[in-house]
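no sequence for this one, just the structure:
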């Protein structure tokens, strides 16, 4: 049962409400059946109630109830005594007995408090009827304005809870096995390739305490950052406490990592600062190890920035902050990558996510379309509930449903690349320890599936680059940043679609390749400076089935190549291909607005196509 939470009407309200009728018994049509001696006793008890002599009033009322248990009004007055003395048990006991003995009892306060009792007992359908009856009986009475506002709020909540809890979602969590048992886990993060699991875990730390005569061991509990790795059988190991740059003696928060496992972000509580705020730090992978943690540029000196979640393309960082300009205390913000480790001024996600209360623990799906978070500002079953929303449509957040959400405050979730498997921490069956569990999301809360495609860059000059990924079906483009420190990258692609991966940077040769997640060959992007004599292959140029024009995919490749020529207006090239393709490529480029004097032709045998800088 919910903890009962009454809106305690003032004594003045309780007394003044009786002025609406000539007699207190006018509210009780069933009282006509009572003897006059009983009525006189009741009116005497009511007089004590008006004088706030609740003990005397209670004594008279209890005697009446003992002798005339079917008399409704004494129960009502006992309930009001409970209201004015803050006695929840009296409210829960006597108001229902009043209604049971006289369904036509017409005092509005009876139905208001019955609504609260039924709401607290999670009988939401009955609570709605109670509050509606209160609204009807108090209609037009200014005295009840404040309670009417409360009743409307309860009606809305009852409607939401009745709808939510009467339609439970499928929820069958399974514990992730083989992690160290009998320990509390918090804020897990599973890498996109699902090979590593980062977490916060409560550890027992031994301290050596020494004085001049003896040495002893004492223990203390600390929450430390740890990591488990998946073995060749597909199971995580027990998980071990991480070395530097983690666990430096300061409180740390959830980790997030880009799909290529080259950039890691996490929050650290900076106790050295005067107001002890949370800041976001980042590390880069170098020779298989994380570099020293550095403070991210968006972190402030006076406010919290914590709980980072980075988009799968590495271009947008979502996080929580209490900085000025938000909707509530803690809001979800985002910042866009401008260059390596440089991020734009943060932008508040606005009213479609944030409320005057707290929104926390954001997680962005692998398709970058869904955001999952916890909030106590949107309608919840209790405390912080888990919500989800479409980022592009900016739709109102949806409660993920019962029993994933409960009367207790929930913890944030993460979602794997398949878009349907989520993970979080839940209390074990004995309710002693928080364990990491996986579960399948309700269908309506799922993101689109994404598959990983790994690649490398082959650099003649060490430089940071940005690769462009164009979806051939809808021609949307995303960008992937590749650091010169690590020449590997990971693309998150729909398993059922084709993409054009291309590289187009001023002063560099154009590269493109049509890719799909089912590719068997290694994906290697050649990065060469734009110099005279440099020669590159033009991939994926084919004719359509009729043989009279280029295929749709090839047209997209050629359009990207034309953009490269427009981007480098002084570049002259030689196109090499067999005669049939050579003329068609040449004509396509010229018709696209490139001057003829910039394009030369060279006929070669075979089906491969090359371009060379003149």
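Looks like it came in fine. Just so it is clear, the structure is predicted and the values come from calculations on it, not from any experiment.

so what are the structural domains in the chain, by residue number?
11-165, 183-205+220-445, 451-613 (automatic domain parsing).

quick one: contacts for residue 248?
residue 268 (CB atoms under 8 Å, 6 or more residues apart in numbering). Just so you know, the C-beta spots here come from the backbone N, C-alpha and C atoms, and that holds for glycine as well.

same question, the one 4 residues further on
Counting by CB under 8 Å, 6+ apart, residue 252 touches 200, 223, 224, 225, 246, 266, 267, 268, 269.

specify the beta-bridge partners of it.
In this entry, residue 252 is beta-bridged to residue 268, by DSSP bridges.

any idea how far it lies from residue 267?
Note on residue 252: its distance to residue 267, by CB to CB, to the nearest Å, is 7 Å.

same thing with residue 72?
Counting by CB to CB - residue 72 and residue 267 are separated by 59 Å.

same question for residue 423.
Residue 423 is 19 Å from residue 267, where distance means CB to CB.

more neighbours, those two?
Between residue 423 and residue 267, residue 267 has the larger neighbour count (other CB atoms under 10 Å), namely 25 against 21.

re the thing from before, among the domains of the chain, which comes closest to residue 173?
Minimum separation from residue 173 across those (CB to CB) falls at domain 183-205+220-445, 3.9 Å.

what about the closest one, start to end distance?
For domain 183-205+220-445, the separation between the terminal residues is 30 Å (CA to CA, to the nearest Å).

quick one: residue 393 and residue 418, what's the gap?
As judged by CB to CB, residue 393 and residue 418 stand 22 Å apart.

who has more neighbours, these two?
residue 418 (17 against 9).

what's near enough to touch the residue nearest to the more buried one when sequence neighbours are not counted?
Excluding the flanking residues, the one nearest residue 418 by CB to CB, 6 or more residues apart in numbering is residue 449, at 5.2 Å. Residue 449 sits next to 367, 417, 418, 419, 420, 494, 495 when contact means CB under 8 Å, 6+ apart.

grab the nearest non-local neighbour of the fifth one.
On the basis of CB to CB, 6+ apart, the spatially nearest residue to residue 420 that is not a chain neighbour turns out to be residue 446, at 4.6 Å.

what about the residue nearest to residue 418, distance to residue 591?
Between residue 449 and residue 591 the computed distance is 39 Å (CB to CB).

equivalent analysis for residue 585, please.
Distance of residue 585 to residue 591, computed by CB to CB: 11 Å.

all helices of the stretch 201-350 of the chain, in order?
Taking DSSP state H, counting those that start in this stretch as the criterion, the stretch 201-350 of the chain contains no helices.

okay, and for it, where does confidence drop off?
Where the stretch 201-350 of the chain drops to pLDDT under 70, the residues are 207-217, 272-275.

hmm, 80 instead?
Across the stretch 201-350 of the chain, the ranges flagged by pLDDT under 80 are 206-218, 271-276.

can you check the stretch 501-614 of the chain too?
In the stretch 501-614 of the chain, residues with pLDDT under 80: 520.

just the helices in it please.
552-567, 579-591.

same list (the ones you listed) but as TSV, adding distance to residue 502 and mean neighbour count.
As requested, the helices of the stretch 501-614 of the chain are arranged in TSV below (distance: least, CB to CB, whole Å; neighbours: other CB atoms under 10 Å):
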stretch	distance to residue 502	mean neighbour count
helix 552-567	5	18
helix 579-591	16	16
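
so which of those gets nearest residue 499?
Closest among the helices of the stretch 501-614 of the chain, using CB to CB: helix 552-567, at 10.0 Å.
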